[in-house]
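>>> I'd like to go over a predicted model; first the sequence, then the structure.
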Amino acid sequence: MAACLGFLPFAGGPLATIASSCIGAAAFCCTSTALSAMFKSCNCNSSVATRIGYGVIFTLNSLLAWLMRTRWAIHAIEKISYDWLKMECTEGKCYGVLAVHRFCFALSLLHFILGLLLVGVKDTRDKRASIQNGWWGPKVLAWLVLVVISFVIPNEFFMVWSNYIALIGASIFILIGLVLLVDFAHTWSETCLDNWERRDSDLWKFILLGSTFGLYAATIALTGVMYAFFAGSGCGLNTFFISFNLALCILVTILSVSPPVQDANPKSGLAQAGMVAAYCTYLVTSGVVNHVGSCNPLRGPTSTTKTTTVVLGAVFTFLAIAYSTSRAATQSKALVGKKKKGGDAADGYSALDTGEAGMGVVNTQPTRKDNIRIQAMMAAIEAGAIPASALDEVEESDEEEEVTGEARDDERTGTKYNYSWFHVIFALAAMYVAMLLTDWNVIRAVGDETESGDQPVTIGRSVTAMWMRIVSSWLCFAIYSWSLVAPIVLPERFHGLD
């Protein structure tokens, strides 16, 4: 955080230390207070508000890490630390590469610590649940402290961290995201089919058919654009990527409606294949668009346009990653498996007997008239002891308590997601952002310097980043194809699954 003070006129000497401490304390108070106030004003359940809070912290950390790629930020760090911190590597200047890894390492470490503290939490009646859904001030402070500590750790540690640990973690995050995408494709199709069969309305039929048509239309449109602008003369690699992706799209489409697959899973079809094809085509498009080379017609905008595009692209990227991370962190069932029909639940408990021979179970909420306090006041009003307006005042105060109290706690009988898994996913996402910002550890200068000596800091503009997107699309095709073939090859493993 102190690096951001480099543009201030007093950023140097003792005044810099005092100013950075004051502004750091103010930032801590403002951030934690703002988060708490946002959650109180948010008309949403506590589980949703918690995910929004972690998403805000994740986005802020990613933006600060992105700023570390600029030369002025690195010079500010060196100036504030009296040249004790040198952002240099043995092969030459890394500029903000190591600073990016320091910020993302701090966030990853915070989430790993929170994940360990929350192991085994099943509902918010557990006192440790307040660590997940509250204590935003201490958590923000812990994050800032870890960021400061990360800048004290020697550069050699982050060489190992970036080349091995963060690289592996980012790859795992990509793989998890692909698995969840395939699971979402199946879930979406099955949901539409179930609603179509249960209801008399044809609304879900049109939703299913419309989404399938739209996804295939988007796939064809993106493929046409790539052929028109990125597969010209001398662009053999791009032509191969586009053509191979088109062939895989056709292959999975045919596979999804083949008789053996339909016999094993009648709900598989064009809807899932269309979603996978559209997403993989998007990955290929992103790869060829962000590839720096003569076959990219979008590589040479003006300086002002380039800076604006880079800033907007960075903000959108971080928001998209924060949202997808929050969604992925709450979808543990797609990775740990689904329970079988007729079997016991995963935690070993079975459903209560609700038949006539079973015990009477209270399944309705008590009404306001069941409240002893309300009953006593109604009796006093009938006796003329107190005016009727007193009851209205009590009802208004009770409604305020319901809105701000436990009524928004939707996890008292069970958490909506696994808290520890949630933080593991966020830790892996921070590693992914670090690799994304450093172009997967490709240390090089990009573009021309501006008048201030800085260079526009792009995201994902390297050959390595392009190959990561291309390989990810191939992996997505492979995972989806296996999800279609697996029930045929291993029928006993999939028998009776929901």
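Yep, it's here. Numbering: from 1, shown residues only.
>>> buried set for stretch 281-295?
281, 283-291, 295 (16 or more other Cβ atoms under 10 Å). Every residue, glycine included, has its C-beta placed from N, CA and C.
>>> let me fix that, I meant to ask about stretch 118-126.
Of all the residues in stretch 118-126, those buried under the rule 16+ other Cβ under 10 Å are 118, 121, 124, 126.
>>> any idea of the pLDDT on the third one?
Residue-level confidence at T124 comes out at 82, pLDDT.
>>> isn't it up against G414?
No - T124 lies out of contact with G414 (Cβ atoms under 8 Å); the separation is 9.1 Å.
>>> following the longest helix that the chain contains, which helix or strand shows up next?
Taking residue count as the measure and DSSP state H as the definition, the longest helix of the chain comes out as helix 166-198. Beyond helix 166-198 in the direction of the C-terminus, DSSP states H and E gives the next helix or strand as helix 203-230.
>>> which helices and strands sit right next to that next one?
Applying 3 or more Cβ pairs under 8 Å, 6 or more residues apart in numbering; DSSP states H and E, one finds that helix 203-230 contacts helix 166-198, helix 236-256, helix 270-289.
>>> hey, which of these is tucked in deepest?
Between these, helix 270-289 has the highest mean count of neighbours, a mean of 23, where neighbours are mean count of other Cβ atoms under 10 Å.
>>> mean confidence score for it?
Looking at helix 270-289 alone, the average pLDDT works out to 91.
>>> show me which of the buried residues of stretch 118-126 is closest to C249.
Ranking these by separation from C249, with Cβ to Cβ as the measure, puts L118 on top at 41.2 Å.
>>> burial count for the closest residue to that closest one other than its chain neighbours?
Computed as Cβ to Cβ, 6 or more residues apart in numbering, the closest residue to L118 that is not its neighbour in sequence is Y419, at 3.9 Å. The tally of other residues near Y419 (other Cβ atoms under 10 Å) stands at 26.
>>> can you tell me how far Y419 is from R125?
Counting by Cβ to Cβ, to the nearest Å, the separation of Y419 from R125 is 14 Å.
>>> repeat for L109
Separation of L109 from R125 (Cβ to Cβ) stands at 29 Å.
>>> show me what secondary structure element comes after the helix or strand of the chain with the lowest mean pLDDT.
Sorting the helices and strands of the chain by mean pLDDT, DSSP states H and E puts strand 92-93 at the bottom, at a mean of 44. Going down the chain from strand 92-93, the next helix or strand is helix 97-117, by DSSP H and E.
>>> let me know the angle separating that following helix from helix 166-198.
If you take axes from the mean of the first three to the mean of the last three Cα atoms, to 10 degrees, helix 97-117 sits at 60 degrees to helix 166-198.
>>> and helix 97-117, what other elements does it pack with?
For helix 97-117, where contacts count as 3+ Cβ pairs under 8 Å, 6+ apart, the packed elements are helix 46-67, helix 71-80, helix 129-133, helix 136-150, helix 155-160, helix 166-198, helix 419-437.
>>> mean pLDDT lowest where, among the ones you listed?
helix 71-80 (a mean of 74).
>>> number of nearby residues for P491?
By other Cβ under 10 Å, 10 other residues sit near P491.
>>> what's the spacing between it and P266?
For P491, the distance to P266 under the criterion Cβ to Cβ works out to 14 Å.
>>> nearest to G232, of the buried residues of stretch 281-295?
Out of the buried residues of stretch 281-295, the one with the shortest distance to G232 is C295. That distance is 6.7 Å, counting by Cβ to Cβ.
>>> my read: the closest one touches G232, true?
Yes - contact criterion Cβ under 8 Å: C295 and G232 qualify, at 6.7 Å.
>>> can you add distance to T191 and give the buried residues of stretch 281-295 back as TSV?
As requested, those are exported to TSV (distance: Cβ to Cβ, whole Å):
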residue	distance to T191
T281	23
L283	25
V284	28
T285	28
S286	28
G287	31
V288	33
V289	32
N290	34
H291	37
C295	41
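>>> looking at those, which is nearest A65?
Of all those, the one sitting nearest A65 is N290; the distance, using Cβ to Cβ, is 18.9 Å.
>>> quick one, grab the pLDDT at P487.
The confidence metric pLDDT takes the value 89 at P487.
>>> residues in contact with the residue nearest to V288 when sequence neighbours are not counted?
Leaving aside its sequence neighbours, V288 sits nearest to F230 (Cβ to Cβ, 6+ apart; 4.6 Å). Under the criterion of Cβ atoms under 8 Å, 6 or more residues apart in numbering, the contact partners of F230 comprise 238, 242, 288-289, 295-297.
>>> look up how far S294 lies from F230.
For F230, the distance to S294 - Cβ to Cβ - is 11 Å.
>>> ditto for N238
As defined by Cβ to Cβ, N238 lies at a distance of 11 Å from S294.
>>> repeat that for W66.
Here the distance between W66 and S294 works out to 28 Å (Cβ to Cβ).
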